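Enquirer: Dropping the sequence and predicted coords here.
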Amino acid sequence: TPSPTPTPTPTPTPVAEPAHHCTYSASGTAARKVSLPPAAPDYKATYRATITTNLGNIVIDLLNSKATCTVNSFVSLASQKFYNGSPCPRLSTSGGLYILQCGDPTGTGSGGPGYAFASENLTGATYPAGTLAMANAGVPDSNGSQFFLVYKNSVLLPSYTPFGTIVSGLNILQTVGSRGFGPPLNSAGGGAPKDKVDIESVTISKT
C-alpha cells in the first residue's frame, strides 16, 4: 500500500535534473485505464496545478526543473482525468506526519496508474507545510499516482519525491487536519479524514 511512513529506504543514484528522458515501467493493475506519460518530458515548461475539491481549490506550483519525470507523470494523469472524482482516503495528524494523502481513484489507498517510476529530488529533501510529494510503497522507485499534501511541517526521511509547492488553499488542508480522522484507519498511521475530501478535477496551466 503506498503510504509515507518514516522507514529508511536505499536512495537510488539521482538523475541530473531537469531530466530529458523518463522511464515508466508497467506495475500492478491500473485503477483507471490511462496511457503511459510521454518518455520525453517538456523539461523547460512551467506548470501550475489547480486541484478542485469539494472544499475549495488548492493551487500548486509544480517543481518541473527538480522532479521532471514526476511532474511529467502528474501532468499526464491530470490531462487524462485520472484524478477526477477521487476521494482522499488518508489523513495523518500526529507522529511528526501531518499530511492528506490522495491520488487513488479507488479511495482504498492501494490503487495506482498501472506503472511505476523512479524517485527524484531526494537530496536534502524536507517536508515543510505546503509541500506536495509522492507517496510510495516504501521501496525505491515505487512511485505511481498517489501523492500527499503537507499541511504542517512534517518529519520524514528523504524518501518521498517533493514535486510541488502549495501557493493557495493551504488553509483548506489545515482545517481538514484540525478536524481529525476516523475509520477506516490506515496501517501506516491516521485514517479517513472526518471532513471528507473529494478531488473533483485537476487542471494544469503551462507556460
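Expert: Nice, I can see it.
Enquirer: what about the helices in this protein?
Expert: Using DSSP state H, the helices of the chain run over 68-79, 170-179.
Enquirer: Of all these, which one comes closest to Ser94?
Expert: Proximity to Ser94, assessed across these by CB to CB, is greatest for helix 170-179 (10.4 Å). Backbone N, C-alpha and C define where each C-beta goes, glycine included.
Enquirer: re the thing from before, most tightly surrounded among the helices of the chain?
Expert: Burial among the helices of the chain, expressed as mean neighbours by mean count of other CB atoms under 10 Å, is greatest for helix 68-79, which shows a mean of 24.
Enquirer: Can you say which of the helices of the chain is nearest to Val59?
Expert: Val59 lies closest, by CB to CB, to one member of the helices of the chain: helix 170-179, at 9.7 Å.
Enquirer: which residues are contacting that closest one?
Expert: The list of residues contacting helix 170-179 from outside it, by CB atoms under 8 Å, 6 or more residues apart in numbering, reads 53, 55-56, 58, 91, 93, 98, 100, 129-130, 149, 151-152, 166, 193-195, 197.
Enquirer: and of the helices of the chain, who's closest to Ser27?
Expert: Closest among the helices of the chain, once you apply CB to CB, is helix 68-79, at 12.3 Å.
Enquirer: gap between that closest one and the chain center?
Expert: 11 Å (CA atoms, centre = their mean, to the nearest Å).
Enquirer: now do the same end-to-end measure for stretch 16-32.
Expert: 31 Å (CA to CA, to the nearest Å).
Enquirer: got the contact list for it?
Expert: Outside stretch 16-32, the residues that touch it by CB under 8 Å, 6+ apart are 36-41, 43-44, 64-69, 72-73, 82, 104-106, 111-118, 120-121, 142, 144-145.
Enquirer: of those residues, buried ones?
Expert: 36-37, 41, 43, 64, 66-69, 72-73, 82, 104-105, 111-118, 120-121, 142, 144-145 (16 or more other CB atoms under 10 Å).
Enquirer: So which of those are in strands?
Expert: 115-116 (DSSP state E).
Enquirer: Pick out the residue nearest the middle of this protein.
Expert: For the chain, the residue nearest the mean C-alpha position is Phe147 (1.7 Å; CA atoms, centre = their mean).
Enquirer: nearest spatial neighbour of it, skipping sequence neighbours?
Expert: Gly103 (4.7 Å; CB to CB, 6 or more residues apart in numbering).
Enquirer: do Gly124 as well
Expert: Leaving aside its chain neighbours, Gly124 sits nearest to Pro158 (6.7 Å; criterion: CB to CB, 6+ apart).
Enquirer: pLDDT wise, what is that neighbour at?
Expert: Note for Pro158: predicted pLDDT of 93.
Enquirer: What is the burial count for it?
Expert: Per other CB atoms under 10 Å, the neighbour tally for Pro158 reads 17.
Enquirer: Surely it and Glu120 touch.
Expert: No: look at Pro158 against Glu120 with CB atoms under 8 Å: they stay out of range, at 11.3 Å.
Enquirer: hmm, back to that, quick one, which of the helices of the chain is nearest to Thr203?
Expert: Nearest to Thr203, of the helices of the chain and by CB to CB, is helix 68-79 at 7.0 Å.
Enquirer: tell me the mean pLDDT for that closest one?
Expert: The predicted model assigns helix 68-79 a mean pLDDT of 97.
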